[in-house]
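1. How does the following fold in three dimensions:
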Amino acid sequence: MSDEWTAERMPDLSGERVVVTGANSGLGFEATTAFARKGAHVVMACRSRERGREAMVDVREAVPGASLTLGKLDLADLDSVRAFAETFDEEFGSLDILCNNAGVMAIPRRETEQGYEMQFGVNHLGHFALTGLLLDALRASPGESRVVTQSSGLHENGEMDFDDIDGEDEYDEWDAYAQSKLANLLFAYELQRRLDSAGVEDVTSIGCHPGYAATNLQRRGPEMAGSRLRLAAMRVANAVVAQSAETGALPMLYAATAEDVAGGDYVGPTGLKNMRGYPGKQESSDRSRDEDDARRLWELSEERTGVSFDI
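-> Numbers count the residues shown, from 1 in each chain. From the prediction side, this is the model:
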């Protein structure tokens with residue numbers, strides 16, 4: 001395909017059903033708007049119902065007649081993940097595209113409701129559980145369905161510290177973030193390997209990253225840490241270096257809809273240092289392709305979430 005792939009090149013998605021986590025802001029909001037513009041019914045999976053409702057109003061202003069449902073999903077609480085999946089199955093039954101998009105970045109050490117380090121818990125464990133719980137719905141789709149998992153270029157700095165996965169002995173917010181983003185890709189690729197091994201041809205798993213996009217994601221860590229200096233630096237970087245959230249959402253949209261995407265692909269911006277520009281296929285780090293780490297992470301994730309994939 002052309003290097004200049006934009007959301008206008010997405011196919012007609014009328015009759016398709018899409019779940020986007022973190023749909024109320026940033027990349028999730030832009031992806032929701034783009035999917036709705038192409039006729040999909042989008043289930044906006046949001047932690048805050050209030051912010052979700054406000055975002056629905058904004059999407060409908062941009063796309064009159066947009067087909068939307070608001071779903072309550074707190075990825076930091078596995079009970080909430082189960083409740084969301086159960087409600088989805090009751091209301092819809094089948095799913096065409098799952099965008100594992102929501103996340104937290106470089107925050108002071110916090111724990112999820114189940115006591116896991118927050119970045120690993122939200123960015124990886126919550127989405128691992130959600131995907132497993134929605135797998136039957138993905139397989140019930142009449143055509144090919146896709147699982148798109150949002151990573152980051154910073155996954156290249158990541159290393160799986162299985163001896164201290166929760167940073168209880170030593171914690172650095174950026175190391176924890178990079179580890180969680182590496183976990184996203186290990187999961188995405190291992191899911192595809194397991195689908196292939198089981199002969200499942202109607203579900204495809206793809207990894208992606210947005211490059212450097214200006215969103216609220218960068219603000220939360222400095223705000224939680226009370227660092228005015230870091231917050232000011234983030235604002236300057238977002239204004240000077242970052243691309244827009246709308247452009248940053250393109251790799252996720254490409255991974256979710258482009259015809260030339262295959263299971264196990266990795267999609268990101270193809271411009272300056274893979275931080276900006278139009279989306280295309282890329283190579284992720286060697287660590288992200290480590291099958292031993294992927295199997296170990298999978299087993300740990302099943303143990304922690306209580307979710308097993310029926311494949």
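
2. From what I see, Thr270 and Gly280 are in contact.
-> Yes - counting by C-beta atoms under 8 Å, Thr270 touches Gly280, with 4.2 Å between them. Glycine gets a C-beta too; all of them are placed from N, C-alpha and C.

3. continuing past the worst-scoring helix or strand of the chain on mean pLDDT, what's the next helix or strand?
-> Sorting the helices and strands of the chain by mean pLDDT, DSSP states H and E puts helix 228-240 at the bottom, at a mean of 49. Going down the chain from helix 228-240, the next helix or strand is helix 245-248, by DSSP states H and E.

4. what about that following helix, average pLDDT?
-> The average pLDDT for helix 245-248 rounds to 96.

5. Okay, buried residues for the helix or strand harbouring Ala137 please.
-> Under the criterion of DSSP H and E, Ala137 resides in helix 135-139. Going by neighbour count (16 or more other C-beta atoms under 10 Å), the buried part of helix 135-139 is Leu135, Ala137, Leu138, Arg139.

6. which strands and helices sit next to it?
-> Packed against helix 135-139, as judged by 3 or more C-beta pairs under 8 Å, 6 or more residues apart in numbering; DSSP states H and E, are the following elements: helix 78-91, strand 145-150, strand 203-208.

7. mind checking which of these is nearest Met44?
-> Across the helices and strands packed on helix 135-139, Met44 has its closest neighbour in helix 78-91 (11.3 Å, C-beta to C-beta).

8. Report the buried residues of the closest one.
-> Quick answer for helix 78-91 (16+ other C-beta under 10 Å): Leu78, Ser80, Val81, Arg82, Phe84, Ala85, Phe88, Asp89.

9. got it, and stretch 176-191?
-> For stretch 176-191, the neighbour count (16+ other C-beta under 10 Å) marks 176-191 as buried.

10. Using PDB, write out every CA atom in that stretch.
-> These are the backbone C-alpha positions of stretch 176-191, laid out as PDB (Å, rounded to 0.1, in the frame of the first residue of the first chain):
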ATOM      1  CA  ALA A 176       8.200  -0.600  34.600                       C
ATOM      2  CA  TYR A 177       6.600   1.100  31.700                       C
ATOM      3  CA  ALA A 178       9.000  -0.300  29.200                       C
ATOM      4  CA  GLN A 179       8.500  -3.800  30.800                       C
ATOM      5  CA  SER A 180       4.700  -3.500  30.400                       C
ATOM      6  CA  LYS A 181       5.000  -2.400  26.800                       C
ATOM      7  CA  LEU A 182       7.400  -5.300  26.100                       C
ATOM      8  CA  ALA A 183       4.800  -7.600  27.700                       C
ATOM      9  CA  ASN A 184       2.200  -6.300  25.300                       C
ATOM     10  CA  LEU A 185       4.200  -7.500  22.300                       C
ATOM     11  CA  LEU A 186       5.200 -10.800  23.900                       C
ATOM     12  CA  PHE A 187       1.500 -11.400  24.400                       C
ATOM     13  CA  ALA A 188       0.400 -10.300  21.000                       C
ATOM     14  CA  TYR A 189       2.900 -12.600  19.200                       C
ATOM     15  CA  GLU A 190       2.300 -15.500  21.600                       C
ATOM     16  CA  LEU A 191      -1.400 -15.200  21.000                       C
END
